[in-house]
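Visitor: build me a model:
(one chain, ligands or ions: 1)
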Amino acid sequence: MTHTATFRVGSNIAFIKYWGVSDATLNIPLNNSISMTLADAHTTTTVAWDVDGRLSADSITLDGEELSPARARRIVDHLDRLRALAGVNYCAQVASWNNFPTASGIASSASGFAALTVAGCTALGLDWDTTRLSAIARRGSGSASRSLFGGFVEWNKGSRDEESVAHQIHPADHWDLRDIVAVVSAEEKKVSSANGHLLALTSPLVEARSIRVTGWLDEVREALAERDIARLGPIIELDALTMHSVMMTSQPSLLYWQPGTMAILHAVGRWRAEDGLPVYFTIDAGPNVHLICEADIAPEIESRLAQMSEVESVITSRPGPGPQRIDEHLS
Ligand code: DP6
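Guide: Below you'll find the predicted structure:
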């Protein structure tokens, strides 16, 4: 049995967002979510289980730096889940690299916890299917459940641990979309998503979003099936704005936007109305804006963003595959 495995896993961008949990321990979300797995923003993780007992604690490096015990906590908790599932008590050596900057507005917890789950389980010799791995990854980070699959993915909220899992709706080559992230601030956010999910239920608007989201999920599934950007775009904008309205009206309020965020939203509206460019926005738990469009207009959007003084950098990604096993290990 091998005790070391390395996997590369793409992050994902949600078209219908996960925001709020009905069960915080299990990470059962308030609603289903739909995302696109990203080819060009990924985490590579090696997990080596110390079967010989050389280590006295888990050792975790991220982008070449050893994590402090406080920063490693969430990862160690996840390693504890894997140990409990396998019935072992080995320490682990974990090395992980993101090919994108941590505060870029690309979810490193999605790709990170998905990679940790698949590498950790594989290295323990646990030959579990992707659906089961999706449920395990979800415990580490909700959005990680979706990164276990490539292409276009839906996470069914379910109500029990093994039911709350993602599945693929379409493979990556179904539709050549682009996610163009306009980075307006690379500062680390003050409130993590994990804490934000707990606050969602304090918003007077959360119920309104819950009622409407079922219809939006149907719309997004149909727009994806038809590859219809003019149908997909308005729904993803509406959902992102509604999620941010929930965030802003939580107690305490979560206001992630910066002036640059607003400047981009106005620009996107102008580019559509005045120049006929079919480009739409979505925003995660931060100030950076993801622009979604088809591949043919991506170079035009990138060059317009590069000319905006509010935009620090631009990162573009295509739809990507599910977890890829890598023969060479990180150390
Ligand atoms: C706004 O999955 O990052 O990106 O479970 O605490 O890791 P944790 O939260 P996370 O929340 C994602 C929130 C979001 C929307 C989404 O990706 O669906």
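
Visitor: quick one: low-confidence parts of the chain?
Guide: By pLDDT under 70, the low-scoring segments of the chain are 1-2.

Visitor: skipping adjacent residues, who's closest to residue 263 in space?
Guide: Spatial nearest neighbour of residue 263, chain neighbours left out: residue 310 (4.6 Å); criterion: C-beta to C-beta, 6 or more residues apart in numbering. (Glycine included, C-beta is placed from N, CA and C.)

Visitor: how many other residues sit next to the one you found?
Guide: 19 (other C-beta atoms under 10 Å).

Visitor: how close does it get to the ligand?
Guide: 21 Å (C-beta to the nearest ligand atom, to the nearest Å).

Visitor: show me where the stretch 101-250 of the chain has helices.
Guide: Taking DSSP state H, counting those that start in this stretch, the helices of the stretch 101-250 of the chain run over residues 108-123, 130-140, 144-147, 193-199, 206-226, 229-248.

Visitor: for these, which one ends up most surrounded?
Guide: Of the helices of the stretch 101-250 of the chain, the one with the most neighbours on average (mean count of other C-beta atoms under 10 Å) is helix 144-147, at a mean of 34.

Visitor: quick one: that helix near the ligand?
Guide: No: for helix 144-147, no contact with the ligand is found by C-beta under 6 Å from any ligand atom; the gap never falls below 6.6 Å.

Visitor: how far does that helix sit from its chain's centre?
Guide: Its chain's C-alpha centre and that of helix 144-147 lie 7 Å apart, by C-alpha atoms, centre = their mean, to the nearest Å.

Visitor: helices and strands around it, which ones?
Guide: strand 4-16, strand 33-50, helix 108-123, helix 130-140, strand 152-155 (3 or more C-beta pairs under 8 Å, 6 or more residues apart in numbering; DSSP states H and E).

Visitor: next, the buried residues of the first one.
Guide: By 16 or more other C-beta atoms under 10 Å, the buried positions in strand 4-16 come out as 5-16.

Visitor: just the shortest one next, same as before
Guide: Within strand 152-155, the residues scored as buried using 16+ other C-beta under 10 Å are 152-155.

Visitor: tell me the residues of the stretch 101-250 of the chain that contact the ligand?
Guide: Going by C-beta under 6 Å from any ligand atom, the residues of the stretch 101-250 of the chain near the ligand are 107, 109, 141-143, 193-194, 197.

Visitor: quick one: contacts for residue 165?
Guide: By C-beta atoms under 8 Å, 6 or more residues apart in numbering, the residues touching residue 165 are 131-132, 134-135, 138, 145, 155-156, 158.

Visitor: would CSV of these with distance to residue 33 be doable?
Guide: Shown next, in CSV, are those (distance: C-beta to C-beta, whole Å):
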residue, distance to residue 33
131, 16
132, 19
134, 13
135, 15
138, 11
145, 9
155, 5
156, 9
158, 12
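
Visitor: between the residues you listed, which is closest to residue 182?
Guide: Distance to residue 182 across the contacts of residue 165 (C-beta to C-beta) is lowest for residue 155, with 25.6 Å.

Visitor: you'd agree the closest one is up against residue 166?
Guide: Yes: using C-beta atoms under 8 Å, residue 155 is in contact with residue 166, at 4.2 Å.

Visitor: overlap in contacts, those two.
Guide: 134, 145-146.

Visitor: okay, and the beta partners of residue 34?
Guide: Counting by DSSP bridges, residue 34 is bridged to residue 16, residue 154.

Visitor: list phi and psi for residue 88.
Guide: For residue 88, the backbone dihedrals (degrees, to the nearest 10) come out as phi -130, psi 170.

Visitor: for the one 3 residues further on, same thing?
Guide: With angles defined as degrees, to the nearest 10, residue 91 shows backbone torsions of phi -80, psi 170.

Visitor: please name the nearest non-neighbouring residue to it.
Guide: Closest residue to residue 91 apart from its sequence neighbours, by C-beta to C-beta, 6+ apart: residue 55 at 3.9 Å.

Visitor: now for the one you found: which residues touch it?
Guide: Applying C-beta under 8 Å, 6+ apart, we find residue 55 in contact with 91-93.

Visitor: so which of those residues wins on neighbours?
Guide: residue 92 (26 neighbours).

Visitor: and the helix or strand hosting that one, which strands flank it?
Guide: Counting by DSSP states H and E, the element that carries residue 92 is strand 91-98. Strand pairing for strand 91-98, determined by DSSP bridges: strand 33-50 (antiparallel), strand 59-62 (parallel).

Visitor: could you dump the ones you listed into JSON lines and include distance to the ligand and mean neighbour count?
Guide: As requested, the strands paired with strand 91-98 are arranged in JSON lines below (distance: least, C-beta to the nearest ligand atom, whole Å; neighbours: other C-beta atoms under 10 Å):
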{"stretch": "strand 33-50", "distance to the ligand": "5", "mean neighbour count": "26"}
{"stretch": "strand 59-62", "distance to the ligand": "15", "mean neighbour count": "19"}
